[in-house]
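**Q** sequence and predicted model, in that order:
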Amino acid sequence: EVQLVESGGGLVQPGRSLKLSCLASGFTFSNYGMNWIRQAPGKGLEWVASISSSSSYIYYADTVKGRFTISRDNAKNTLYLQMTSLRSEDTALYYCARSTTYFDYWGQGVMVTVSS
Amino acid sequence: DIQMTQSPSFLSASVGDRVTINCKASQNINRYLNWYQQKLGEAPKLLIYNANSLQTGIPSRFSGSGSGTDFTLTISSLQPEDVATYFCLQHNSWPNTFGAGTKLELK
């Protein structure tokens, strides 16, 4: 069974940093692209970042480019999202999702709240 | 970016009802449209991919149709366990974009 479990969320002050993790199991992690998608309270879903299976290709939404860094450790079956210079508008539930040509399996999400 | 307009935002129906949810793309996305179900506190679950292909393990009462810009998710006979929020995703072009969601409740 494919499982994706996010962790690392919490309350953080504006301008500070936070690193999210997503532990994958139930499939060969190194064979799949991975993604971060977020949903702000009361808002729709927004794709944040994607990374290819071997980390050769990385893409970011314009809203996070230059502030967020997606990475992965295939030996640890773990996806990461390093978030810096956090803003109140980054407050959201962050999901990791596996992808082939689309997002097929998602985690339950981890909440990030940016507030002073 | 491609805009996805989903309707209705909220839907109340009875057990056994036929339910339809729509997504309209701002430009042609061929058949690259997926439907997901999200129950409270759970991970989103893929129901339909590429407009009309049923994901493995999903009940046959769920179906999808459409191509180009207009797409429909149909639940042929609503069951209590179908109470959830449903959203669409276009994966025709980057960045992939989502519909705003339809919250389905029992009447």
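**A** Yep, it's here.

**Q** just say helix, strand or coil for residue B:81.
**A** The three-state label for residue B:81, taken from DSSP: H, G, I helix; E, B strand; the rest coil, comes out as helix.

**Q** what is the neighbour count of it?
**A** 9 (other CB atoms under 10 Å in any protein chain shown). All C-beta spots, glycine's among them, are computed from the backbone N, C-alpha and C.

**Q** what helix or strand does the residue sitting nearest the centre point of chain A sit in?
**A** Residue closest to the average C-alpha location in chain A (CA atoms, centre = their mean): residue A:36, at 3.1 Å. Element membership for residue A:36 (DSSP states H and E) is strand A:33-39.

**Q** before we move on, the earlier item: does the residue nearest to the centre of chain A really touch residue A:71, like I thought?
**A** No - using CB atoms under 8 Å, residue A:36 makes no contact with residue A:71, being 10.9 Å away.

**Q** hey, what's in contact with both of these two?
**A** residue A:79 (CB atoms under 8 Å, 6 or more residues apart in numbering or on different chains).

**Q** what does chain A put close to chain B?
**A** A:4, A:44-47, A:59, A:61, A:95, A:101-109 (CB under 8 Å from any CB of the partner chain).

**Q** thinking again about what came up before, sheet partners, orientation included, of the strand holding residue A:36?
**A** According to DSSP bridges, strand A:33-39 forms sheet pairs with strand A:45-51 (antiparallel), strand A:92-99 (antiparallel).

**Q** including mean pLDDT, mean neighbour count and distance to residue A:82, could the ones you listed go into JSON lines?
**A** Output for the strands paired with strand A:33-39, formatted as JSON lines (pLDDT from 0 to 100; neighbours: other CB atoms under 10 Å in any protein chain shown; distance: least, CB to CB, whole Å):
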{"stretch": "strand A:45-51", "mean pLDDT": "96", "mean neighbour count": "22", "distance to residue A:82": "10"}
{"stretch": "strand A:92-99", "mean pLDDT": "97", "mean neighbour count": "22", "distance to residue A:82": "12"}
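
**Q** could you verify that residue B:72 is part of a strand?
**A** Yes - judged by three-state DSSP, residue B:72 forms part of a strand.

**Q** for it, grab the count of nearby residues.
**A** Other residues close to residue B:72 by other CB under 10 Å number 17.

**Q** run through the bridge partners of it.
**A** residue B:22, residue B:65.

**Q** check contacts around it.
**A** Counted by CB under 8 Å, 6+ apart, residue B:72 has contacts B:20, B:21, B:22, B:23, B:64, B:65, B:66.

**Q** from those residues, which would you call buried?
**A** B:20, B:21, B:22, B:23, B:64, B:66 (16 or more other CB atoms under 10 Å in any protein chain shown).

**Q** output those residues in JSON lines; the columns should cover pLDDT.
**A** Shown next, in JSON lines, are the buried ones among the contacts of residue B:72 (pLDDT from 0 to 100):
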{"residue": "B:20", "pLDDT": "98"}
{"residue": "B:21", "pLDDT": "98"}
{"residue": "B:22", "pLDDT": "98"}
{"residue": "B:23", "pLDDT": "98"}
{"residue": "B:64", "pLDDT": "98"}
{"residue": "B:66", "pLDDT": "98"}
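
**Q** between those residues, which is nearest residue A:51?
**A** Nearest to residue A:51 among the buried ones among the contacts of residue B:72 is residue B:23, at 27.1 Å by CB to CB.
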